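Chemist: Compute the structure for the input listed below.
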Amino acid sequence: MRDLAGVAALVTGGASGLGLATARGLAATGARVAALDLTPGEAEPGILHLACDVADEGSVVAALDAAEAEHGAARIVVNSAGVPGSMRLVGRDGPVDMGRFAQVIGVNLLGTVSVMTKAAARMMALEPLGQDGERGVIVNTASITAYEGQIGQGAYVASKGAIAAMTIQAAREFAAKGVRVLAIAPGLFKTPMASEVPPEVVEAITSDSIFPRRFGEPEDFADLCLSMIRNPMLNGEVIRLDAGVRLRAS
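Modeler: Numbering: from 1, shown residues only. Coordinates of the predicted model:
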């Protein structure tokens, strides 16, 4: 999908961080963007900000309906809504609190699946575009923790590992209808979530990076996302975006 002008797009987690940068990047191409978030972002040109709790199916359907009424059914979906999940599987107080664990899974994994499947079903009803007959593309957000799970990050790792694993499965399932599925696995980025990472951990991670030795900027994520959307030969792939870092155990 090389020409994005006028194409309807949805971005979850679109009020800040990776989602907001991606929403802005898409808007700059002329796409008609709806940015979904628990607390909608401030109004800005080219972006329709909508309230959406991705962990609530009714909220997801209402947000997709509102975006479609304004822009038409989305052919581009970027799922970047997520919450941190620092907790040991077995800590000083015993086994992990399954309620807290389930909350992380509910937002990061089930929320992503809910938006992806509901949006994909709508895409599949659209007319195919171009010589390839593409109907749409979905980019989900995994994490490098899916590959190097750190101690104390069990719930987060489980949620992001599942997203990475589902990428090829969903791509295969949706292929017959011309819908591509991809994922980005970011490293450490300048987002509100990163503010919870202790300084010594940040130093350890960035000192291990091959290059560059810094936090990623949200715009770096947005640039890759746009490239993936535009390249029809990318499908079923999870791409690491991490400056070459490999996480330590803790």
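Chemist: In contact with residue 163, which residues?
Modeler: Contacts for residue 163 were tallied using C-beta atoms under 8 Å, 6 or more residues apart in numbering; they are 108-109, 112, 140-142, 146, 183. (Each C-beta comes from the backbone N, C-alpha and C, glycine too.)
Chemist: Counting neighbours, what do you get for the residue nearest to residue 245 when sequence neighbours are not counted?
Modeler: Computed as C-beta to C-beta, 6 or more residues apart in numbering, the closest residue to residue 245 that is not its neighbour in sequence is residue 209, at 4.4 Å. Residues lying near residue 209 (other C-beta atoms under 10 Å) number 18.
Chemist: what about this structure, any weak spots by pLDDT?
Modeler: 194-198, 201 (pLDDT under 70).
Chemist: residue ranges of the helices in the chain, please?
Modeler: Taking DSSP state H to define them, one finds helices in the chain at 17-28, 57-71, 98-105, 111-123, 154-174, 199-208, 218-230.
Chemist: For residue 169, give its distance to residue 26.
Modeler: 26 Å (C-beta to C-beta, to the nearest Å).
Chemist: which of these two has more neighbours?
Modeler: Remark: of residue 169 and residue 26, residue 26 carries more neighbours, 27 against 11, as counted by other C-beta under 10 Å.
Chemist: Quick one: neighbours of residue 58, just the number.
Modeler: 8.
Chemist: so how far is residue 111 from residue 21?
Modeler: Separation of residue 21 from residue 111 (C-beta to C-beta): 20 Å.
Chemist: Now the lengthiest strand in the chain - C-alpha only, PDB.
Modeler: Identified as the longest strand of the chain according to DSSP state E is strand 179-186. C-alpha atoms of strand 179-186 as PDB (Å, rounded to 0.1, in the frame of the first residue of the first chain):
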ATOM      1  CA  VAL A 179      -4.700  -8.500   4.700                       C
ATOM      2  CA  ARG A 180      -1.100  -8.500   5.800                       C
ATOM      3  CA  VAL A 181       0.000  -8.800   9.500                       C
ATOM      4  CA  LEU A 182       3.300  -7.600  10.900                       C
ATOM      5  CA  ALA A 183       4.900  -6.700  14.200                       C
ATOM      6  CA  ILE A 184       7.600  -4.500  15.500                       C
ATOM      7  CA  ALA A 185       9.600  -5.500  18.600                       C
ATOM      8  CA  PRO A 186      11.100  -2.300  20.000                       C
END
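Chemist: Which strands or helices does that strand pack on?
Modeler: Secondary structure elements in contact with strand 179-186, counted by 3 or more C-beta pairs under 8 Å, 6 or more residues apart in numbering; DSSP states H and E, are helix 111-123, strand 136-141, helix 154-174, helix 218-230, strand 238-241.
Chemist: Please name the residues that touch residue 224.
Modeler: The neighbours of residue 224, taking C-beta under 8 Å, 6+ apart as the test, are 184, 239, 241.
Chemist: Relative to residue 217, how far out is it?
Modeler: Taken as C-beta to C-beta, the span from residue 224 to residue 217 is 11 Å.
Chemist: same check, this time on residue 71
Modeler: Look at residue 71 and residue 217: by C-beta to C-beta, they are 27 Å apart.
Chemist: Comparing those two, which residue is more hemmed in?
Modeler: With neighbours defined as other C-beta under 10 Å, residue 71 and residue 217 compare such that residue 71 has more, 18 against 14.
Chemist: Please report how far that one lies from residue 153.
Modeler: Taking C-beta to C-beta, one finds residue 71 at 36 Å from residue 153.
Chemist: can you check residue 193 too?
Modeler: 12 Å.
Chemist: I'd like to know which of the helices of the chain is closest to residue 77.
Modeler: Nearest of these to residue 77, taken as C-beta to C-beta: helix 111-123 at 4.5 Å.
Chemist: Next, the buried residues of the closest one.
Modeler: Neighbour-count burial for helix 111-123, counted by 16 or more other C-beta atoms under 10 Å, picks out 111-116, 119-120, 122-123.
Chemist: Fine by me, thanks again.
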